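1. no sequence on this one, just coordinates:
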């Protein structure tokens, strides 16, 4: 397009050429119009493809969010035992394996299929390196973190489950009942 535009401008600026008699200029203008139409069509097609790709990518965002939650569940295992270390490269390979494994399963919801396969792969692969007593803890952690991420568990209630009814802020505590038999 730029070459054609430059050539047309050069012909238009040439004072020695009669614009009405210049057949090459007419051909270049026609060619420029065809090229412009073709480029416009290709740009529209590219924009439609980009929108379609963006829509598909947005559809898989929830799957990526859950996969991130599962990675951080594995990452948190290092607090239980420093021996439990999982690299991001290993996890990405495992996620790619889960995507490939899920292709064999025919389902309406691709995200849910990938997630089911990935949860199973994460659990099975992680359990290879865990002590027996920590396997149930991993299963609970995976379940709870996924439920928290989906908004199905109230974080305050889960915090109460973990820590109990302790009052951290004494100012927010209810006043002492007026009974004499109840000591501080």
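-> Great, that's in hand. Keep in mind that what you see is a predicted model, and the values were worked out from it rather than measured.

2. strands of this protein, residue ranges please.
-> Using DSSP state E, the chain contains no strands.

3. kindly report the domain assignment for it.
-> According to automatic domain parsing, the chain comprises the domains 2-57, 61-161.

4. what's the weakest-modelled helix or strand in this structure?
-> Least confident helix or strand, the chain: helix 2-13 with a mean of 72, by mean pLDDT, DSSP states H and E.

5. which helices and strands sit right next to it?
-> helix 23-59 (3 or more C-beta pairs under 8 Å, 6 or more residues apart in numbering; DSSP states H and E). Placement of C-beta: from N, CA and C, glycine included.

6. what's the burial count for residue 36?
-> When neighbours are counted by other C-beta atoms under 10 Å, residue 36 registers 13.

7. just residue 110 next, same as before
-> Neighbour tally, residue 110, other C-beta under 10 Å: 16.

8. may I see the buried residues of stretch 111-119?
-> 111, 113-115, 117-119 (16 or more other C-beta atoms under 10 Å).

9. now render the residues you listed as TSV, adding distance to residue 72 and pLDDT.
-> Formatted as TSV, the buried residues of stretch 111-119 follow (distance: C-beta to C-beta, whole Å; pLDDT from 0 to 100):
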residue	distance to residue 72	pLDDT
111	19	88
113	22	94
114	18	94
115	15	93
117	19	96
118	14	96
119	14	96
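
10. which one of the residues you listed is nearest to residue 95?
-> Of all the buried residues of stretch 111-119, residue 95 sits closest to residue 118, with 6.3 Å by C-beta to C-beta.

11. who's in contact with the nearest residue to that closest one once chain neighbours are set aside?
-> The shortest distance from residue 118 to any non-neighbouring residue, by C-beta to C-beta, 6 or more residues apart in numbering, is to residue 98 (3.8 Å). By C-beta atoms under 8 Å, 6 or more residues apart in numbering, the contact set of residue 98 is 114, 117-118, 121.

12. do residue 130 as well
-> 77, 84, 138.

13. measure it to residue 96 for me?
-> Using C-beta to C-beta, to the nearest Å, residue 130 is found at 22 Å from residue 96.

14. next: residue 138.
-> With distances taken as C-beta to C-beta, residue 138 is found 21 Å from residue 96.

15. give me the more crowded residue out of those two.
-> Higher neighbour count among residue 138 and residue 96: residue 138, with 20 against 10, using other C-beta under 10 Å.
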